[in-house]
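Trainee: Next one to model:
(2 chains)
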Amino acid sequence: MKYLPLLWAQLFRKKTRTVLTVLSVLVAFLLFGLLEAVQTAFESGADSADAKRLLTTARYSIIEPLPMSYAPRIERVPGVVGVAYADWFGAKYQNESNAFAVFAVDPARYLDMYPEFAIAPEQRAAFVKMRTGAVAGKILADRYGWKIGQKLPIASEIHSKTDGSLDWEFDLVGLFDSDDPAVRANTEVVLINVAHFDEARQVNRGKTGWYIVRIADAEQARPISADIDRMFANSPDETKTAPEKEFALGFAKQIGDIGALVTRILFAVFFTILILTGNTMAQAIRERVPELAILKTVGFSNATVAALVLGEAALLLALGAGLGMAAAVALLPSLNGATGGRFPPLFVSGVTWAWAAGVATSLALAIGLPPALRANRLRIVDALAGHR
Amino acid sequence: MRWPGTGEPMTSLNQVVHVTLINLRTIPQRLGTSLVIVIGIAGVVGVLVSVLAMGEGFRHTLASTGRATRVIMLRAGSDAEMTSGVARDQATVLANLPGVARDATGRPLVSAELVVMVDLPRHGQSDPNNVPFRGVQPIVFAVRDEVRVVEGRPFERGLREVIVGRKAARTFAGLAVGSRIAFRDSDWTVVGTFESGGDVHESEIWADAEVALSAFRRTGFQSVTAALADPSAAGLAALKESIARDRRLSINVLREPEYYAKQASILSRLIGVLGYSVAMFMAIGATFGALNCMYSAIASRQTEIATLRAIGFGGAPVVASVMVEAIVLALLGGVAGAALAYVYCDGASLSTLNFNTFSQVAFDFRVTRGLVAQGLAGALVIGAAGGLLPAIRAARLPVTAALRTG
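Mentor: Down below sits the predicted model:
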């Protein structure tokens, strides 16, 4: 630590050069932070997944409905401790398709299944009791200015009422939220009570979209999934059951080639940075050969001088990477505002920070080691003589 | 800028040319730094051209999907086939409307269709992807006349046979002609591969609608695609009018291009924002890098520049020579980057999830001339921006000090 002022002085010996280098590193890490935030958002479902939850969908296509009568049958499978179900409503709010997701659920079953959604007990009780009730994620209520107690007019693109109308109305009886940013992405949803919904819809009555199954032991996820699917094999509505995490990951994987492309872009960015910064660093050290020789003359050991050079590279990368990541964190709130909720909230996760630290360290080593080794080998006499 | 009065403008121009040539000839002596600029800018232009080529390919796929002479009819209130439903009797009524075109034998050019998602893994993977499976009427080849079966043959009416879009066949496993795929209860045989001008249908699997209805236990269709008898605005208005008059129908009519553009709005925006923000950030970073390299280039040429100034060369030739060097190096990088993008990306296809339809859509990278020009223009701007400040510094270098320290 006592060498920090020396490192700083070395680094800013040529201000323009160092500032420019730090800026290019900064931009690279800013880009890294932003792109990783997008990736994280796609995979946030997987991060917040509960290992003790399974999802059961129709075997051939997730959009095919399943009978609601499966609930008690799944409940009887050994190892299953809870079952909830949900149906896709296909919401159209203020003439905008899929402005947010609406699920028709059995309130008690669903909220028990997702304890990470925090809701006040009296609001929960009201949702369970009121057949036309609905609860919404606090993010949505804030975005659209909804107040508890108001009517929520939402059209459906799929489900018409018995009178043929697609316009539905629910009573907003509660709000739920979560402190965990990864879970908060999942709270951009309105839950409606299936009791009224199922009674009032024209077709698909008695059917639901998918089941969420809680099991006692996460280790048993695979055999229990197989048991459930076997039970409905060869029936008109065969099922496919998988752990929630696998399901979310599968969804993230569907982004497919774009995700791979983003990784390749970042690779190109860092490769370019490596070349640019490596060259600058090598040049900076070359210019300072006599100074390094003097350091050795006044008693610095070979190892210390090499460490000083390496430390300089590390400081450079730390500055650039730290500022870049900080800039990404600072930019994200306004980006989230700009997407207007059409996209899950973006945030820089701990994993991304760790990756940034790892990449910065490897870059510092790749850039700093060659000149550090040269500094280590440097002989005082040659170094001083080589220069006038 | 000072102009030492050594002669007419012609001589000044001569100075510029000579100093620039001297400068360019010495590049090999500064190979390391020069290469860094070239590689750095090649990286930036390569990425820029490839992300833009992705956007271009996606736009091309969208733009070539659908004809303004055709309409898609959905249930009123629905914006997408996934959420739409058209009953069998409604489809019959729609087909017989006067606004719908007919072929030579008098059959209406209409295809009532259903779309379901089937799970297929990508080549070499095992995770399922939502691939659209479309049940179409056998007359569809006359309705969508851009569709060509390029391998094998069309599906046989009434049989569990499918034809596969060219891009779906390329992206997903098990879709080669002759192979059998199992969806729901039974096996389907892949009997052909089709092309449709690179549009979104090439990401789909097609089968006879009647067979698909029974196999997927559907009772109705989701959309009806029809060729307009009169494709003008008046013709469309007349068709809409006749639908509105019919009390059995509650149907939304959209021209195909309008519908498909809407279907991809989120992905379009995502690809656009991704492409341009990545390109912009990289360009900024590269400009800093180029500035650095040019500063060090003039630092190593300090004595030479000072000598030139001392023997009477003006500031302008020095500025010009530095700028030209930066721009030449940047253009070299730009050409290399564009070439890399062309070699690695052009024609490569990629598939991703279309958030509007919840299904996979495949498209090709398209490295067009316009994009290459954009990439080179980007390189030029980075080169000019990276050269300007160092050039001015070089010209302002105090001659005596520079000679002494060099």
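Trainee: The longest strand along chain A - which strands sit beside it in the sheet, and in what orientation?
Mentor: If each strand of chain A is counted by residues according to DSSP state E, the longest one is strand A:167-177. The partner list of strand A:167-177 in its sheet, established with DSSP bridges, is strand A:118-119 (antiparallel), strand A:133-137 (parallel), strand A:151-156 (antiparallel).
Trainee: need the residues of the stretch 251-400 of chain B near chain A, please.
Mentor: Neighbours of chain A within the stretch 251-400 of chain B, by CB under 8 Å from any CB of the partner chain: B:266, B:271, B:274, B:277-278, B:281-282, B:284-286, B:288-289, B:291-293, B:295-296, B:350-353, B:356, B:358, B:360. Where C-beta positions appear, they are placed from N, C-alpha and C, glycine not excepted.
Trainee: which of those count as buried?
Mentor: Applying 16 or more other CB atoms under 10 Å in any protein chain shown to those, the neighbour count classes B:266, B:271, B:274, B:278, B:281-282, B:284-286, B:288-289, B:291-293, B:295-296, B:350-353, B:356, B:358, B:360 as buried.
Trainee: Take those residues and keep only those in strands.
Mentor: Those of those mapping onto strands are B:350-353, B:360, per DSSP E.
Trainee: Other residues contacting stretch A:101-112?
Mentor: By CB atoms under 8 Å, 6 or more residues apart in numbering or on different chains, the list of residues contacting stretch A:101-112 from outside reads A:71, A:82-91, A:117, A:119, A:124, A:127-128, A:133, A:135, A:154, A:156, A:176, A:188-195, A:197-198, A:208-209, A:212.
Trainee: Now do the residue nearest the centre of chain A, the pLDDT please.
Mentor: The centre of chain A sits closest to A:T40, judged by CA atoms, centre = their mean, with a distance of 2.6 Å. What the model reports for A:T40 is a pLDDT of 80.
Trainee: just checking, next helix/strand downstream of the helix or strand containing it?
Mentor: Here A:T40 sits within helix A:15-47, counting by DSSP states H and E. Counting by DSSP H and E, the next helix or strand C-terminal to helix A:15-47 is strand A:53-58.
Trainee: starting at the chain centroid, how far to the next helix or strand after that next one?
Mentor: Downstream of strand A:53-58, the first helix or strand assigned by DSSP H and E is strand A:66-67. Chain-centre distance of strand A:66-67: 31 Å, with CA atoms, centre = their mean, to the nearest Å.
Trainee: Likewise for stretch B:192-209?
Mentor: 20 Å.
Trainee: Skip the chain neighbours and tell me the closest residue to B:A310.
Mentor: B:V399 (5.3 Å; CB to CB, 6 or more residues apart in numbering or on different chains).
Trainee: how near is the one you found to chain A?
Mentor: Applying CB to the nearest CB, to the nearest Å, the value for B:V399 to chain A is 20 Å.
Trainee: now chain A, which segments are flagged as low pLDDT?
Mentor: Filtered on pLDDT under 70, chain A yields the residue ranges A:1, A:44-48, A:60-62, A:98, A:251, A:256, A:337-344, A:386-388.
Trainee: if you set the cut-off to 80 instead, what comes out?
Mentor: A:1-2, A:41-50, A:59-64, A:95-99, A:181-185, A:234, A:236, A:246-260, A:335-346, A:382-388 (pLDDT under 80).
Trainee: So which residues of it form strands?
Mentor: Counting by DSSP E, residue ranges of the strands within chain A are A:53-58, A:66-67, A:80-88, A:91-93, A:96-97, A:101-105, A:118-119, A:133-137, A:151-156, A:167-177, A:189-193, A:207-208, A:210-215, A:239-243.
Trainee: Stretch B:300-315: end-to-end distance?
Mentor: Across its full length, stretch B:300-315 reaches 18 Å between end residues, using CA to CA, to the nearest Å.
Trainee: Pairing partners for the closest residue to B:F155 other than its chain neighbours in the sheet, please.
Mentor: Excluding the flanking residues, the one nearest B:F155 by CB to CB, 6+ apart is B:E161, at 4.0 Å. B:E161 has the following beta-bridge partners by DSSP bridges: B:T189.
Trainee: rewinding a little: packed most tightly, which of the strands paired with strand A:167-177 would that be?
Mentor: Counting by mean count of other CB atoms under 10 Å in any protein chain shown, strand A:133-137 has the highest mean neighbour count of the strands paired with strand A:167-177, with a mean of 25.
Trainee: now the angle between strand A:101-105 and that strand, please.
Mentor: Angle between the axes of strand A:133-137 and strand A:101-105 is 140 degrees (criterion: axes from the mean of the first three to the mean of the last three CA atoms, to 10 degrees).
Trainee: now what about strand A:133-137, what contacts it?
Mentor: A:107, A:119, A:123-124, A:126-127, A:146, A:152, A:170-177, A:184, A:187-193.
Trainee: Can you say which of those are buried?
Mentor: Buried residues within the contacts of strand A:133-137, counting neighbours by 16+ other CB under 10 Å: A:107, A:119, A:123-124, A:126-127, A:146, A:152, A:170-176, A:184, A:187-193.
Trainee: SS state for B:I181?
Mentor: Secondary structure assignment for B:I181 (DSSP: H, G, I helix; E, B strand; the rest coil): strand.
Trainee: what's the spacing between it and B:E156?
Mentor: According to CB to CB, to the nearest Å, B:I181 stands 16 Å off from B:E156.
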